[in-house]
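1. got a structure for you, letters missing:
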């Protein structure tokens, strides 16, 4: 860091020295009536001003002698085809702009696009255009009570927000339909052009209304029972999102599922590790192991011996260790030692 600081100070001093020399030189040129010879070699001035300011004087001479040698930033250079070929293919602008809208109309629509309508303005417009009696499908479909009881509160709020947007789209279609009714009374070439534009806008809004309906159905069906998904997808919307006959469709699906289970041939599979048929008699206990090592498991008593109370003796049965009092253990040790002697 110290070396860099010294280098910067040195360069600043050099630059200040060059600027002082140039300013003195300009003052001398202003006071004197003679001018510099433009053909003089700028490097020759190095003997008077030193080698540090030679490059600065050379730049000054270039700027004064050839002012138009380099283009300025305001000038536009036109490139030839050969140079453009070397640069490669030019990017294509795929966006196509339509004709401009009247500036007052455009300003108001841009404001709504950026900030939306105020609550009072929106409510006023929605009340002004009630849905037509013969086009009640402009209204957003209501969520079926059966589905509403089966989904969470979060999904219900999400569905309600999309439903409100659908109602607003339906009001927009209603307003455009009124304009079409007025134009339909008078047939003229101008009216035909207006009818075309208004009809296109109405159909696009109706398509958005249909897309929102599909969106609501799809995210609700994805959270319900998998066995009923196909039944829910086959339903058609009316004033309800899944149709008025949803209850009958669900009952029919459950009845069909129950009937199919009754018709199937149900076979019970044995549990792993167990035999299919349990043998009778004494073979049931042949594979049983004794809980004590070295002790043979006792065989079952036949029915003929069970009546008399006789049981066969067990061979090679290891005796379990028994605990004895301390006096008995001492007597046993004494007897054992006496036998050895």
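-> That came in fine, so what should we check first? Source: prediction; values computed, not measured.
2. residues making contact with the helix or strand that contains residue 147?
-> Assessed by DSSP states H and E, residue 147 sits inside helix 145-150. By C-beta atoms under 8 Å, 6 or more residues apart in numbering, the surrounding residues in contact with helix 145-150 are 156, 220, 224, 241, 242, 246, 247, 250. Just so you know, the C-beta spots here come from the backbone N, C-alpha and C atoms, and that holds for glycine as well.
3. Try it again at 10 Å.
-> Residues from elsewhere that reach helix 145-150, judged by C-beta atoms under 10 Å, 6 or more residues apart in numbering: 142, 144, 155-156, 159, 216-217, 220-221, 223-225, 228, 232, 240-242, 246-247, 250.
4. Please narrow those residues to those residing in helices.
-> Judged by DSSP state H, the subset of these located in helices is 155, 156, 159, 216, 217, 220, 221, 232, 246, 247, 250.
5. Just flag the most distant two among the residues you listed.
-> With C-beta to C-beta as the measure, no two of the ones in helices among the contacts of helix 145-150 lie farther apart than 155 and 247, at 20.2 Å.
6. Specify which residue of the two has the higher count of neighbours.
-> Taking other C-beta atoms under 10 Å, residue 155 and residue 247 do not tie; residue 155 has more neighbours (18 against 12).
7. the domain parsing of this protein - what is it?
-> Using automatic domain parsing, the domain ranges for the chain come out as 2-65, 131-249.
8. Could you provide those domains in JSON lines, with additional columns for mean pLDDT and distance to residue 91?
-> What follows is these, written out as JSON lines (pLDDT from 0 to 100; distance: least, C-beta to C-beta, whole Å):
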{"stretch": "domain 2-65", "mean pLDDT": "59", "distance to residue 91": "37"}
{"stretch": "domain 131-249", "mean pLDDT": "92", "distance to residue 91": "30"}
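9. Just name the most buried of these.
-> Per residue and on average, the most neighbours among those fall to domain 131-249, with a mean of 15 (mean count of other C-beta atoms under 10 Å).
10. which residues touch residue 174?
-> Residues in contact with residue 174 (C-beta under 10 Å, 6+ apart) are 126, 128, 129, 130, 131, 132, 135, 138, 139, 202, 205.
11. Identify those among these that sit within helices.
-> 126, 128, 202, 205.
12. where exactly do the helices run in the chain?
-> Counting by DSSP H, one finds helices in the chain at the ranges 2-31, 46-49, 54-65, 81-87, 103-115, 119-128, 145-150, 153-185, 189-221, 229-234, 246-263, 303-308, 326-340.
13. between the ones you listed, which one is nearest to residue 95?
-> Here helix 103-115 is closest among the helices of the chain (C-beta to C-beta), at 17.5 Å.
14. Mean confidence (pLDDT) on the closest one, please.
-> Mean pLDDT, helix 103-115: 94.
15. still on that earlier bit, specify which member of the ones in helices among the contacts of residue 174 is nearest to residue 20.
-> Nearest to residue 20 among the ones in helices among the contacts of residue 174: residue 205, at 75.8 Å, using C-beta to C-beta.
16. distance of that closest one from residue 25?
-> 77 Å (C-beta to C-beta, to the nearest Å).
17. next one: residue 225
-> Residue 225 is 95 Å from residue 25, by C-beta to C-beta.
18. Check residue 159 too.
-> Using C-beta to C-beta, we find residue 159 at a distance of 84 Å from residue 25.
19. go on, residue 96?
-> Plainly put, residue 96 is 61 Å away from residue 25 if you go by C-beta to C-beta.
20. try residue 147
-> 92 Å.
21. As JSON lines, the ones in helices among the contacts of residue 174 with distance to residue 166 would be great.
-> Formatted as JSON lines, those follow (distance: C-beta to C-beta, whole Å):
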{"residue": "126", "distance to residue 166": "12"}
{"residue": "128", "distance to residue 166": "18"}
{"residue": "202", "distance to residue 166": "15"}
{"residue": "205", "distance to residue 166": "10"}
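22. ok, of the residues you listed, which one's closest to residue 258?
-> residue 205 (44.7 Å).
23. Could you pull up the residues touching that closest one?
-> Neighbouring residues of residue 205 by C-beta under 10 Å, 6+ apart: 138, 168, 169, 170, 171, 172, 173, 174, 175, 176.
24. Show the contacting residues for the second one.
-> Read that as residue 168. Neighbouring residues of residue 168 by C-beta under 10 Å, 6+ apart: 117, 122, 125, 126, 140, 205, 209.
25. Many thanks, we can stop here.
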